[in-house]
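> predicted structure and sequence below. I'll ask about it afterward.
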Amino acid sequence: MALTFAIQDLKTSWKWYRMAYEREMEDEERAGRQKNLDLLNEFMKYALRTKSIRRNSCRAELIILPTDDSELYEYNKKTADKMMSKGKR
């Protein structure tokens with residue numbers, strides 16, 4: 001009985017579930033981007049105060065894996081893995 005209801009519910013409401021899922025994914029992406037902007041801001045403050053970093057700067061892509069924020073660490077790690085799989089270093 002319950003399984004029949006669940007199947008019927010999915011048949012009639014799948015578009016709504018998909019939109020809700022996509023909205024949730026967009027919110028997570030937006031939150032990840034904001035956290036990364038905040039983290040980059042802190043890194044840039046540090047870099048500007050540190051002469052050796054300014055002196056040895058080069059063209060590079062930087063992905064920060066913060067050890068104190070496991071959620072952001074995983075988000076950034078996935079980003080790095082995607083970049084590596086596309087041939088970017």
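Received it, and whenever you're ready, just let me know what you need. Numbers count the residues shown, from 1 in each chain.

> Lys15: neighbour count?
Here the count is done by other CB atoms under 10 Å, and Lys15 has 8 residues near it. Bear in mind the C-beta positions are built from the backbone N, C-alpha and C, glycine included.

> who touches it in this structure?
By CB atoms under 8 Å, 6 or more residues apart in numbering, the contact set of Lys15 is empty.

> same check, this time on Ala80
Ile63, Leu65.

> distance of it from Ile64?
10 Å (CB to CB, to the nearest Å).

> also Leu37?
11 Å.

> who has more neighbours out of the two?
Taking other CB under 10 Å, Leu37 and Ile64 do not tie; Ile64 has more neighbours (14 against 9).

> sec struct for Ile64, please.
coil (DSSP: H, G, I helix; E, B strand; the rest coil).

> double-check it against Leu40; I have them as touching.
Yes. Counting by CB atoms under 8 Å, Ile64 does reach Leu40; the two are 7.4 Å apart.
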